[in-house]
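[1] Here's a sequence, model it:
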Amino acid sequence: MNVDDVIAEQIERARQRIERERRQRAELALARRAGLARRHAQKLRNLALSPLSNGSLAASGA
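    This next block holds a predicted model:
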């Protein structure tokens, strides 16, 4: 095995790692968007069921 073969293997491993990390980021982004949509829908359901008040819609109540 010569130096070119070693470098070629390192490059291939790096490409595989980069692709794996890209897929993981895409999966996390999808889950994040789904979670945000679920939380938003739940908040709207809660608002629809609650009596109208003069309070703030902010989570902190500020």
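[2] Packing partners of the host helix or strand of residue 43?
    Using DSSP states H and E, residue 43 sits in helix 3-49. Counting contacts by 3 or more Cβ pairs under 8 Å, 6 or more residues apart in numbering; DSSP states H and E, helix 3-49 is packed against no other helix or strand. To be clear about C-beta, it is placed using only N, CA and C from the backbone, and glycine gets the same treatment.
[3] starting at the chain centroid, how far to it?
    Distance of helix 3-49 from the chain centroid (Cα atoms, centre = their mean, to the nearest Å) equals 6 Å.
[4] could you give the mean pLDDT of it?
    In this model, helix 3-49 has an average pLDDT of 96.
[5] Report the central residue of the chain.
    Residue closest to the mean C-alpha point of the chain, counted by Cα atoms, centre = their mean, is residue 29 at 2.7 Å.
[6] ok, that residue to residue 35 distance?
    11 Å (Cβ to Cβ, to the nearest Å).
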